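J.: Give me a 3D structure for the following:
(2 chains)
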2 protein chains.
Amino acid sequence: MRMALIVQKFGGSSVADAERIRNVARIITGTYWAGNDVVAVLSAQGDTTDDLIEKAAEINPHASKREMDMLLSTGEQVSCALCAMAIEALDCPVVSLTGWQAGFRTNSGYGNARIKRVKADRIRTELDKKRIVIVTGFQGINKYEDITTLGRGGSDTSAVAIAAALHADLCQIYTDVDGVYTADPRLVPNARKLDEITYDEMLELASLGAQVLHNRSVEMAKRYNVNLEVLSSFSGKPGTKVKEVVKNMEKSYISGVAKDKNIARLALVGLENSPGIAYKIFSLLAKNNVNVDIILQSIGRSDTKDISFTVAKSDMDLARKVLEENRDSIRFDRIDVSDNIAKVSIVGAGMVNNPGVAARMFEALFNAGININMISTSEIKVSVLVHIDDADRAVRVIHDRFYDELTGEQ
Amino acid sequence: MRMALIVQKFGGSSVADAERIRNVARIITGTYWAGNDVVAVLSAQGDTTDDLIEKAAEINPHASKREMDMLLSTGEQVSCALCAMAIEALDCPVVSLTGWQAGFRTNSGYGNARIKRVKADRIRTELDKKRIVIVTGFQGINKYEDITTLGRGGSDTSAVAIAAALHADLCQIYTDVDGVYTADPRLVPNARKLDEITYDEMLELASLGAQVLHNRSVEMAKRYNVNLEVLSSFSGKPGTKVKEVVKNMEKSYISGVAKDKNIARLALVGLENSPGIAYKIFSLLAKNNVNVDIILQSIGRSDTKDISFTVAKSDMDLARKVLEENRDSIRFDRIDVSDNIAKVSIVGAGMVNNPGVAARMFEALFNAGININMISTSEIKVSVLVHIDDADRAVRVIHDRFYDELTGEQ
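T.: Numbers count the residues shown, from 1 in each chain, chains lettered A, B, ... in the order given. As a prediction, the model looks like this:
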C-alpha cells in the first residue's frame, strides 16, 4: 500500500475515559501499522474544560483571558499524554507535543486566537523517526510566548492547520456521529448519511447549526484544499468526505436540512428612509463584536422603513443595548426583540441548477401549517425563520418532502 | 521600607482548594503592597499529582517517564493560573509562567531532572513591569524542548534556583508547619521551634527524615548563599531562618532530633579480608542506583570481616539482588537483611565544640532500655539504629535529655 500522511482529530467525547482513549489508540496504531504516517490531534477529555472553567469561576468570575488560556490549555495536554501512554502500551513509537512544541503560532487574541502559522519542523522530525505524533488541539502561543486557545471549534481547526502545513493526504475528524446526515438523525429517523459533500455545502451546514464540523476548520480546509473526512470513533464505518467537487452532485437537489435554535431576531421599526442608515447600524454592531446573520429590509408606512436581523442569542442583549444607546444618531421608533424563533435551512450545491427547490420547501411548511417569519437565500441555501416550537417539525416535513418522494434515489 | 526581591514558595497543601488559594493570594499581595518585588513558586494542588498518576496507571502502568512528565506538569500550571486569577481579583498586576516560560532549563532526566540554569529574562521583564510573577514549580524543559519534572522536593528546588538566579534577598518556603522544630511536634509535645539554623544542620535534618525542606533545595541554597525561611502559610507567625551562620550557635548543643523509619539494613557476613572489597561492593551498588547511607565495617572471626550498610527501604530488594548476583566475585558467607529498624539522629553545629554530646545521647537510650544497633557520627550529627518499635520513644527520651535539663535555656 502506498504510504500516506494522515492527520486524525479526536474530540472530547472520543477520549472521555480510559477505555475510550484505548479505543482511540487502536484507531491510530491501526492506521500507523497499515503503513501511514500519523499525526493525531486531541481535544481535552469530556468535561475537563467545563470543570476547569468552574474552578476558575469559583476563584474569580472575571479572570483575565490570558490566565484562562493558561488554565484551559492543560486539558489537552492531559489527554495527549494519556493517549501517548495508551499507544506505548501497544508497543508503538509515539511522542506527544503541546501546542507550542508542535509549532502553533497564533495572534494574541486570548480565548479566541487565530492561527498565524504552524512551524511544523518538530512534527516532521518526529515523523522522520517513524513516531506517531500526538498534538494538543485548541492551543498555541503568541509572539510573547504566552499560551493562547483557539476558541470554539479550535481542535478541528488545529487538525486542518497541521494537515495544510504538512500537505497531508487526508484529515480525518473523528467524532461521536458517523458522518454528515441529510438532517439530525435524532430528529428525523430516516435521515441519510452523505458519502460526500462540498466545502461550500459543509460551510453552510456548519454555520446553520449542524454541529458536526466548525466552519472555521472547513473554511481553512477549503482555502488550503485539505481533504476532510468526518467519521465516528465508535462505529468503524466510513464517514462523509468533504472536498472541493463531489462526484454525484447532479443527482441531489439538497444535501441537508439543518436547524439553529440559538438565535434571536431584532427589528428596528420606523427608520428614516435615508441613505447610509444600514451602514450606520451594522458598522456599529460590528464595532461591538456582534455577529449579524440574516438581514432583511422592508418598506414601512409612508416614509419609513424597517430593518430586521438575527444574531446569536448570547448577543441579543448587547445588540439591543448598543442600538438603544445610539438611538439619537440612528433614529427609529422602536426595537422589537424576539428569541422564541429558530432558523431552518436547506443546503445543496445542486439547487442552483434546479429551479423550484425553495418553492418546494415553502410548500412543505405551508402544508404543515408552519408560519414563515423571514426568508433568506443564497446560491446553495434557503433559510427561513419559524417559531421555535415549530422548528423540529419543520425539519421533519422538509426532509420528508425532499427525500421520501425520491424513493431512495436522491 | 527598602524594596526587596522576595521569592515565596507554596506547597500542595497551601493551594489545595479555592479558599487556600485565596489565602496564598493574600500573602503574596501583602508582600507586594509592602513594597517588594515578588516571585511565587507553586506546587500542584493537594492530590492532583496522585490523581494524575492514577489516571496514567489505569492506561499504562509502564508509561514512559517522558509522557509522565508531560502529564504531571499540568498540575502546577493549573494551580498557578488559579492563583494568578485570585491575585487579579485583588486588583494586583500579575502574570503566571510555566517552567519553560520562566526559563527553567534542565538535563534530560525525565521524572528526576536536574536544573542546569534559569534563564530569568522573562521573569525580570515581568518584574520590571511591576507585576507579581507566579511560576510553576517542579518543572522545566530539556535541550529537546521536552517537558521534564524535577522529582521529589522539586518545587522547593525551583524556588531556590529562581532566588539564586535573581539574587533575591529572601526565599520563603511556605508549608503546613510553622518552622523547623527540635523534634517532630506530633511526637514530642514540648518540641520547640528554632528561630535560626545553619544550612549544614538543615541538610542533616532534611536527609534524616525531618521532611520540612528537601535537601536538594538546601544544598542549592548553601551553594548560592540564598537566605531561606521556612514558615506556615496558615499561622502568619515568623518561621525558621536557614543561613550560613546563625547568631546564637554557641548556646545550643543540638538543634534537633530526627528519625527515619524508611530504611533497611544489609549485612554481608564472612567477607574475605582483602583490599578493594568495599570498593567492589559499593561501586556495584552505585552502578545500580542504590543510595547507601550509613556504612559500618567490623572485624569478623579469623580472616574474615563483615560490612553492614543501610539503604532506603524501597532499595532493599534491589540491593540484595545485585549482591546475590555477584556473589562469586565478592565472595561472602551470607547476607542478613532487616527492615524493622529506624535511624534516630541528633544534629547540631554546636556539638563539635561540646564533648560528651554523643555520650549523653547514648546515656538517654540506655536509661530507657533501648538497644543500639549501629552508630554513625559526623561533625554535626550522631545517628544510631534502633528497633523500629523503639524509634518514637527514642526521639522523646533524647529530646527530653537535651532540652528539659536546660530549663528552657537551650
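J.: State the pLDDT value of whatever residue of the stretch 151-300 of chain A ends up closest to chain B.
T.: Relative to chain B, the nearest point of the stretch 151-300 of chain A is residue A:233 (16.4 Å; CB to the nearest CB). The C-beta positions use only the backbone N, C-alpha and C, and glycine is treated the same way. Model confidence at residue A:233, given as pLDDT, is 89.
J.: That one: what's it in contact with?
T.: Going by CB atoms under 8 Å, 6 or more residues apart in numbering or on different chains, residue A:233 touches A:10, A:14, A:20, A:23, A:24, A:27, A:174, A:175, A:176.
J.: The nearest residue to residue A:129 once chain neighbours are set aside - how many residues pack around it?
T.: Of all residues not flanking residue A:129 in the chain, residue A:93 sits nearest, at 7.2 Å (CB to CB, 6 or more residues apart in numbering or on different chains). Number of residues near residue A:93 (other CB atoms under 10 Å in any protein chain shown) recorded here: 12.
J.: Repeat that for residue A:377.
T.: 13.
J.: After whichever helix or strand it is part of, which helix or strand is next?
T.: Using DSSP states H and E, residue A:377 sits in strand A:374-378. The C-terminal neighbour of strand A:374-378 among helices and strands, as given by DSSP H and E, is strand A:381-387.
J.: how much space between residue A:321 and chain B?
T.: 26 Å (CB to the nearest CB, to the nearest Å).
J.: host element of that residue?
T.: Using DSSP H and E, residue A:321 falls in helix A:316-325.
J.: Just the buried positions in that helix, please.
T.: A:316, A:319, A:320, A:322, A:323 (16 or more other CB atoms under 10 Å in any protein chain shown).
J.: From what I see, the third one and residue A:266 are in contact.
T.: I take that to be residue A:320. Yes. If you go by CB atoms under 8 Å, residue A:320 and residue A:266 touch, sitting 6.5 Å apart.
J.: lowest average confidence, helix or strand, in chain A?
T.: Every helix and strand of chain A was ranked by mean pLDDT, DSSP states H and E. The lowest is strand A:292-299, at a mean of 79.
J.: follow-up on the earlier one: for the helix holding residue A:321, packing partners?
T.: Helices and strands touching helix A:316-325, by 3 or more CB pairs under 8 Å, 6 or more residues apart in numbering or on different chains; DSSP states H and E, are strand A:263-272, helix A:277-287, strand A:334-338.
J.: Just say which of these is most tucked in.
T.: Ranked by mean neighbour count under mean count of other CB atoms under 10 Å in any protein chain shown, the helices and strands packed on helix A:316-325 are led by strand A:263-272, which reaches a mean of 19.
J.: Show me what residue A:271 is bridged to.
T.: residue A:305 (DSSP bridges).
J.: Centre of the chain to stretch A:95-107, how far?
T.: 22 Å (CA atoms, centre = their mean, to the nearest Å).
J.: same deal with stretch A:345-357?
T.: Per CA atoms, centre = their mean, the centroid offset for stretch A:345-357 relative to its chain is 22 Å.
J.: Give me the buried positions along it.
T.: A:345, A:346, A:347, A:348, A:349, A:350, A:351, A:357.
J.: What does the pLDDT read for the residue nearest to the last one when sequence neighbours are not counted?
T.: The spatial neighbour of residue A:357 that comes closest, neighbours along the chain excluded (CB to CB, 6+ apart), is residue A:351 at 4.2 Å. On the pLDDT scale, residue A:351 is placed at 75.
J.: what do you get for residue A:225?
T.: Confidence score, pLDDT, at residue A:225: 94.
J.: residues touching it, list them.
T.: Applying CB under 8 Å, 6+ apart, we find residue A:225 in contact with residue A:244.
J.: who in chain A is up against chain B?
T.: Residues of chain A lying near chain B by CB under 8 Å from any CB of the partner chain: A:18, A:21-22, A:52, A:55-56, A:58-60, A:62-64, A:66-68, A:70-71, A:73-74, A:77-78, A:80-82, A:84-86, A:88-89, A:95-96, A:98, A:100-101, A:122, A:145-147.
J.: before we move on, back to that, does anything pack onto the least confident helix or strand of chain A? Which helices or strands?
T.: helix A:277-287, strand A:304-312, strand A:374-378.
J.: okay, those in JSON lines with distance to residue A:218 and mean pLDDT next?
T.: Putting the helices and strands packed on strand A:292-299 into JSON lines (distance: least, CB to CB, whole Å; pLDDT from 0 to 100) gives the following:
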{"stretch": "helix A:277-287", "distance to residue A:218": "23", "mean pLDDT": "85"}
{"stretch": "strand A:304-312", "distance to residue A:218": "19", "mean pLDDT": "87"}
{"stretch": "strand A:374-378", "distance to residue A:218": "16", "mean pLDDT": "82"}
